[in-house]
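**Q** quick one: sequence plus predicted model below, questions after.
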Amino acid sequence: RLFSCYRKTIMQQIHSCLQVRMVPQHWMVQARRLLQTSPCVRVHEVVQAKDTPTSGVATTTRVRKLDFGPFVKDLFIGKFNKSMLSYAEVLNYDRHRDLEEKVRQISSYLDSRAESLAQVDVKGELPPEVMHWCKTEGMFGLSVPRELGGKDYLATEVARIFEEMGRNISLSEFLNVNEFLGYRAILEYGTQGQKEKYLPPLCAGDWLSCFCMNEEGAGSDPHSIQATATHDEDSDTYLLEGKKTWVANAGSAQVFTVFAKTTVKNYMSEEEVSLTAFLVDLSDGGVTVGQPYPVSGYSGLQFSDVVFNCRVPAANVLGDAGQGLQVLQSVQHHNKFMMTAGVVTSLKALLNQTVEHCNTRKQYGLHLSKFSLVKTQLARMAGKLYCLESMLYMTAGLVDISECPDVEMESVIVKLYAAETSDYIVKTCLSLLGSQTMLQTSQYQKYLTQNQFLQGWLGSPNILKVFLGISGVLHLVHTNPALRNNLTSPLHIISATRWARHTRQHKKDQAPLTHKLSECVHPRMVSTADRVEWAVEKIPFLASSLIIRNGEHFQIPETDLVKLADLVIETYAMTCALSRSNRSYIVGNLHAEHEINLVIPYISQARLRCEQLFLELQNWEGDGEEKMDRYWIQNGFNLAEKGCYNVAHPLSRRPVYDQD
């Protein structure tokens with residue numbers, strides 16, 4: 001009888017196992033696709049589809065936040081969050097319907113003010129009636145919580161509104177600077193008293209704000225700031241002295257966020273000079289705003305010099321004294337991607353005008369759009385613009401869905417890609433539009449000036465690319481502090497052997513695709529997903545190689561950091577474009593086939609660019625590439641030392657002396 005009981009129990013267990021094995025294979029594939037990270041990372045939890053950014057569990061107020069790690073930073077440690085391949089949809093139907101109605105109203109009003117907005121570059125200011133309309137329609141404080149007087153919009157909604165405002169690029173950027181630079185520091189670091197005093201009038205549009213960091217000798221480097229703030233213990237105020245340059249919206253601002261050097265005590269009670277952020281109220285006096293610069297492009301922002309010689313109460317310090325660098329870093333990069341929204345609209349308008357010109361202009365008896373070369377140029381511009389759109393709203397979705405969003409690298413990438421895309425589209429379109437673009441009275445001149453301004457606006461490309469490279473490598477080092485010792489020390493034979501094997505695989509282009517991204521896309525996009533994954537696999541390998549190659553002092557050459565950043569930018573662009581087109585094709589969006597046809601060749605060419613960057617960084621063909629970089633650096637040093645272009649003229653000759 002006892003044996004019969006055991007036998008019955010065993011048979012039940014076998015039956016249960018057989019039932020598990022008979023689970024349809026597609027269920028297991030679906031489970032793997034819902035993993036938050038790739039199989040190479042030890043993740044054991046399978047989440048439901050509603051917990052991914054695809055749906056986001058949007059409510060009538062805001063989406064439920066998820067523990068969503070930094071995507072680009074995690075690429076450096078070999079993690080790829082597969083939820084990125086489900087293009088973010090953070091708006092429910094109610095919010096989406098309300099947003100589209102808001103956009104329709106904005107479009108209708110801007111159409112009615114087209115003539116006055118066309119004069120912005122001539123007059124150098126935005127029309128007063130448009131500014132009054134922005135105030136009455138609630139275009140200020142879009143991202144500020146309702147309890148502080150704001151509209152509590154999601155980043156996705158703000159980006160869509162700014163995109164529609166981009167029909168005049170100065171208007172879009174005016175709102176962007178005021179929203180994400182002017183008073184963002186108050187929202188992030190302000191005390192409750194500061195928020196209650198300043199945010200309600202700022203969100204209502206009664207006051208405007210501006211961001212004061214740049215000086216004549218301090219651009220991207222905050223340590224070069226010369227403005228000072230001296231503390232007076234008797235009155236508990238700071239004497240703020242200094243001159244700030246290139247301050248946007250200075251002429252109409254009531255509140256200034258100012259960075260100055262102060263003397264503070266460190267944790268050892270020793271005095272040191274550190275940066276401190278202050279809130280300066282124009283009504284307190286001591287603030288002098290200069291005349292606007294005569295700039296071309298973005299002239300509606302009215303850039304001016306601002307001279308400070310005023311007393312600032314200690315209660316107006318943002319954060320703690322000496323914490324200015326943290327305040328600056330929290331607002332400087334996090335929302336850079338928002339400026340792309342207006343750029344997208346401007347580039348769309350230019351591309352549409354160019355397509356119309358190519359459809360009507362004839363050469364050699366055919367319309368320009370009939371020539372294959374012109375078709376290729378138009379399609380490549382559309383492909384880059386599609387990627388830029390995808391990156392903008394993907395990054396906005398990450399901000400909306402993440403409990404603690406860390407998107408500073410993604411934001412910088414979108415800004416850099418926007419400048420690159422603008423340069424490519426503007427130059428290509430103007431070459432197709434022909435000689436009419438050369439006239440000073442041409443409507444296309446504004447695109448030239450806007451593009452030139454965009455290249456250096458909100459940061460130098462060189463500095464931002466170095467920031468991307470070093471931020472990713474530092475994330476790898478912080479995650480794995482003993483990385484270099486583990487991979488090179490004889491005491492860690494197993495790790496060193498694995499690294500040597502891994503290096504050989506990459507050298508022979510036989511490294512396995514461990515993330516299996518092809519399982520997460522439509523069958524039509526399988527080979528394209530493999531191309532994206534090829535670039536994804538190279539990022540942690542290159543970052544680790546740079547750490548090993550440059551030793552303990554961590555002196556990675558700037559040229560290598562820029563190449564690594566370029567590869568990361570291409571990878572993020574490919575990921576966003578793949579995710580968006582895959583979603584469009586699966587849900588059956590209009591023109592989904594066209595989107596697929598744009599993305600496939602773009603990713604194919606981007607993969608080739610990544611391969612070239614990879615080979616230059618690894619330099620497996622010898623030391624030729626490294627020598628080339630040294631040659632360029634030496635030549636640049638020679639030019640700087642001589643102070644001019646110092647080569648002989650091609651017609652110059654050595655004097656000939658007579659033998660006598």
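**A** Sure, I can see it. Numbering: from 1, shown residues only.
**Q** what segments of the stretch 301-450 of the chain are helices?
**A** For the stretch 301-450 of the chain, applying DSSP state H, counting those that start in this stretch gives helices covering 324-332, 339-360, 372-401, 408-433, 445-456.
**Q** any chance of the ones you listed in JSON lines, plus mean neighbour count?
**A** To be clear about C-beta, it is placed using only N, CA and C from the backbone, and glycine gets the same treatment. Converted to JSON lines, those look like this (neighbours: other CB atoms under 10 Å):
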{"stretch": "helix 324-332", "mean neighbour count": "20"}
{"stretch": "helix 339-360", "mean neighbour count": "20"}
{"stretch": "helix 372-401", "mean neighbour count": "21"}
{"stretch": "helix 408-433", "mean neighbour count": "22"}
{"stretch": "helix 445-456", "mean neighbour count": "18"}
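**Q** wait, which of those helices is closest to residue 212?
**A** The closest of the helices of the stretch 301-450 of the chain to residue 212 is helix 324-332. By CB to CB, the value is 11.2 Å.
**Q** would TSV of the helices of the stretch 301-450 of the chain with distance to residue 180 be doable?
**A** Putting these into TSV (distance: least, CB to CB, whole Å) gives the following:
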stretch	distance to residue 180
helix 324-332	7
helix 339-360	9
helix 372-401	11
helix 408-433	10
helix 445-456	17
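**Q** who wins for proximity to residue 114 among those?
**A** Here helix 339-360 is closest among these (CB to CB), at 12.2 Å.
**Q** mind giving me the packing neighbours of the closest one?
**A** Using 3 or more CB pairs under 8 Å, 6 or more residues apart in numbering; DSSP states H and E as the contact test, the elements touching helix 339-360 are helix 155-165, helix 169-177, strand 366-367, helix 372-401, helix 408-433, helix 445-456.
**Q** nearest to residue 135, out of the ones you listed?
**A** helix 169-177 (11.3 Å).
**Q** so can I have a markdown table of the helices and strands packed on helix 339-360 showing mean pLDDT and distance to residue 531?
**A** Listed next are the helices and strands packed on helix 339-360 as a markdown table, based on pLDDT from 0 to 100; distance: least, CB to CB, whole Å:
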| stretch | mean pLDDT | distance to residue 531 |
| --- | --- | --- |
| helix 155-165 | 96 | 28 |
| helix 169-177 | 93 | 34 |
| strand 366-367 | 94 | 34 |
| helix 372-401 | 95 | 14 |
| helix 408-433 | 96 | 18 |
| helix 445-456 | 92 | 29 |
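**Q** nearest to residue 521, of these?
**A** Closest among the helices and strands packed on helix 339-360, using CB to CB: helix 372-401, at 14.4 Å.
**Q** and the closest one with helix 408-433, angle?
**A** For helix 372-401 against helix 408-433, the angle by axes from the mean of the first three to the mean of the last three CA atoms, to 10 degrees is 160 degrees.
**Q** helices and strands around helix 372-401, which ones?
**A** Going by 3+ CB pairs under 8 Å, 6+ apart, helix 372-401 lies up against helix 155-165, helix 339-360, helix 408-433, helix 558-587, helix 592-618.
**Q** let's have these in a markdown table, adding distance to residue 247.
**A** Listed next are the helices and strands packed on helix 372-401 as a markdown table, based on distance: least, CB to CB, whole Å:
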| stretch | distance to residue 247 |
| --- | --- |
| helix 155-165 | 21 |
| helix 339-360 | 17 |
| helix 408-433 | 20 |
| helix 558-587 | 29 |
| helix 592-618 | 37 |
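**Q** between the ones you listed, which gets nearest to residue 314?
**A** Among those, if distance is taken as CB to CB, the winner is helix 408-433, at 29.7 Å.
**Q** tell me what that closest one is packed against?
**A** helix 71-75, helix 339-360, helix 372-401, helix 445-456, helix 461-479, helix 558-587.
**Q** related to what we said a few turns ago, can you redo the helices and strands packed on helix 339-360 as JSON lines with distance to residue 314?
**A** Below are the helices and strands packed on helix 339-360 laid out as JSON lines (distance: least, CB to CB, whole Å):
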{"stretch": "helix 155-165", "distance to residue 314": "33"}
{"stretch": "helix 169-177", "distance to residue 314": "27"}
{"stretch": "strand 366-367", "distance to residue 314": "69"}
{"stretch": "helix 372-401", "distance to residue 314": "33"}
{"stretch": "helix 408-433", "distance to residue 314": "30"}
{"stretch": "helix 445-456", "distance to residue 314": "36"}
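**Q** out of the ones you listed, which is closest to residue 318?
**A** For the helices and strands packed on helix 339-360, proximity to residue 318 was assessed by CB to CB; helix 169-177 is nearest, at 17.6 Å.
**Q** what helices or strands is the helix or strand following that closest one leaning on?
**A** Using DSSP states H and E, the helix or strand that follows helix 169-177 in sequence is helix 184-189. In terms of contacts (3+ CB pairs under 8 Å, 6+ apart), helix 184-189 is packed against helix 192-204, strand 271-281, strand 317-318, helix 324-332.
**Q** between these, which one is closest to residue 128.
**A** Among the helices and strands packed on helix 184-189, helix 192-204 comes nearest to residue 128, with 17.2 Å by CB to CB.
**Q** quick check: buried residues in that closest one?
**A** By 16 or more other CB atoms under 10 Å, the buried positions in helix 192-204 come out as 194-195, 197-203.
**Q** any idea how far the helix or strand just after that helix is from the chain center?
**A** Per DSSP H and E, the first helix or strand lying C-terminal to helix 192-204 is strand 209-212. With CA atoms, centre = their mean, to the nearest Å as the basis, strand 209-212 stands 21 Å off its chain's centre.
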